[in-house]
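A.B. asks: Sequence and predicted structure below; questions after.
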Amino acid sequence: MGKKSKRYRADLEKQPKVNLPLGEAVAVLKKFNTAKFDQTVEVHMNLGVDPNQADQIVRGSIVLPHGIGKKQRIVVFAKGDQAVAAQQAGADEVGGEELAKRIKDGWTDFDVCIAAPDMMGLVGPLGRVLGPRGLMPSPRAGTVSPDVGRVVLEYKAGKVEFRNDKGGNVHAMVGKMSFDADKLGENIQAFVNYVTNVKPQAVKGTYVKGVAICATMTPSVRLIV
């Protein structure tokens, strides 16, 4: 582990040792805001799921109430009217074979990949490139859709995807440090509520074991759950 900065160590001394209500946690987090750039705020949830069981995978997407404070670069695989709709909705790249070749050759300079269902035969072989980067279109995540224009608009408005990792944790960007505290809190609460509501039926016992928030260069602050 690398040596922590003087600023981080100072923030660590101010880190609460107890779990806090959301409003108080956000207030503490914003007091850590001494970096010279607008830090990204993330929420991390530790879930009581078995990641090795397919029926306990927690995955989905949500449009946060106040966006994420970041312009997402979006590519869309579509043709005909669907391609036109994607372009009108603000997609950064729209295409078919040529777009697939660029990605196959290693181009992944984008944040979201969306595909119309009739393009999945073309997109499927790109799984080796897109999969490890979390960019592979999926019906469960909502990125394979017959209405690609709507999906583009959702991501432009601040939609985020999530999927539990091997440790049963879910992570997501929920805004920026520059956000008003109330708006940041509403984004965090919306995400926590959504993940809580998609609890797999196969999960027994405690589902949400812990929730914490942090920013790019700050310690975490744990929430009361």
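C.D. replies: Right, received. Where do you want to start? All values derive from a computational prediction rather than experimental measurement.

A.B. asks: Tell me where the protein is predicted with low confidence.
C.D. replies: For the chain, residues meeting the criterion pLDDT under 70 lie at 1-5, 7, 33.

A.B. asks: What residue spans form the domains of it?
C.D. replies: Using automatic domain parsing, the domains assigned to the chain come out as 6-67+160-223, 74-156.

A.B. asks: Same list (those) but as a markdown table, adding mean neighbour count.
C.D. replies: In short, each C-beta sits where N, CA and C put it, glycine included. Listed next are these as a markdown table, based on neighbours: other Cβ atoms under 10 Å:
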| stretch | mean neighbour count |
| --- | --- |
| domain 6-67+160-223 | 17 |
| domain 74-156 | 18 |
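
A.B. asks: And the strands in the chain, which stretches?
C.D. replies: Using DSSP state E, the strands found in the chain span residues 40-47, 59-63, 74-77, 93-95, 112-115, 159-163, 169-176, 208-215, 221-223.

A.B. asks: which helices and strands sit right next to the longest helix seen in the chain?
C.D. replies: Of all the segments assigned as helix in the chain under DSSP state H, the longest by residue count is helix 181-197. Helices and strands touching helix 181-197, by 3 or more Cβ pairs under 8 Å, 6 or more residues apart in numbering; DSSP states H and E, are helix 22-31, strand 40-47, strand 59-63, strand 159-163, strand 169-176, strand 208-215.

A.B. asks: Between strand 40-47 and the fifth one, find me the angle.
C.D. replies: Put plainly, it is strand 169-176. Between the direction of strand 169-176 and that of strand 40-47, the angle (axes from the mean of the first three to the mean of the last three Cα atoms, to 10 degrees) works out to 160 degrees.

A.B. asks: try the first one
C.D. replies: On the basis of the same axes, to 10 degrees, helix 22-31 is oriented at 140 degrees to strand 40-47.

A.B. asks: Could you measure from Val129 over to Pro139?
C.D. replies: With distances taken as Cβ to Cβ, to the nearest Å, Val129 is found 19 Å from Pro139.

A.B. asks: chain center to the longest helix of the chain: distance?
C.D. replies: Once both centres are worked out by Cα atoms, centre = their mean, to the nearest Å, helix 181-197 turns out to sit 13 Å from its chain's centre.

A.B. asks: so that helix versus helix 22-31, what angle?
C.D. replies: 120 degrees.

A.B. asks: Now do helix 181-197 and strand 159-163, the angle between them.
C.D. replies: Relative orientation of helix 181-197 and strand 159-163, computed by the same axes, to 10 degrees: 40 degrees.

A.B. asks: which other residues reach helix 181-197?
C.D. replies: In this structure, residues lying in contact with helix 181-197 by Cβ atoms under 8 Å, 6 or more residues apart in numbering are 22-23, 26-27, 30, 41, 43, 45, 47, 58, 60, 62, 64-66, 68, 160, 162, 170, 172, 174-175, 179, 207-208, 211, 213, 223, 225.

A.B. asks: Repeat that for stretch 200-214.
C.D. replies: 25-26, 29, 41-49, 53, 55-58, 174, 188, 192, 195-196, 199, 220-223, 225.

A.B. asks: Can I get that stretch in PDB, CA atoms only?
C.D. replies: Extracted in PDB, the C-alpha atoms of stretch 200-214 (Å, rounded to 0.1, in the frame of the first residue of the first chain):
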ATOM      1  CA  PRO A 200     -32.800 -11.600  -4.300                       C
ATOM      2  CA  GLN A 201     -35.400 -13.900  -2.900                       C
ATOM      3  CA  ALA A 202     -32.700 -16.600  -2.400                       C
ATOM      4  CA  VAL A 203     -30.900 -14.400   0.200                       C
ATOM      5  CA  LYS A 204     -31.500 -15.400   3.800                       C
ATOM      6  CA  GLY A 205     -30.500 -13.400   6.900                       C
ATOM      7  CA  THR A 206     -29.200  -9.900   6.800                       C
ATOM      8  CA  TYR A 207     -29.100  -8.400   3.300                       C
ATOM      9  CA  VAL A 208     -27.600  -5.000   3.800                       C
ATOM     10  CA  LYS A 209     -24.700  -5.400   6.200                       C
ATOM     11  CA  GLY A 210     -23.100  -2.000   5.800                       C
ATOM     12  CA  VAL A 211     -23.100   1.200   3.800                       C
ATOM     13  CA  ALA A 212     -20.300   3.700   3.500                       C
ATOM     14  CA  ILE A 213     -19.600   6.800   1.400                       C
ATOM     15  CA  CYS A 214     -16.300   8.300   0.400                       C
END
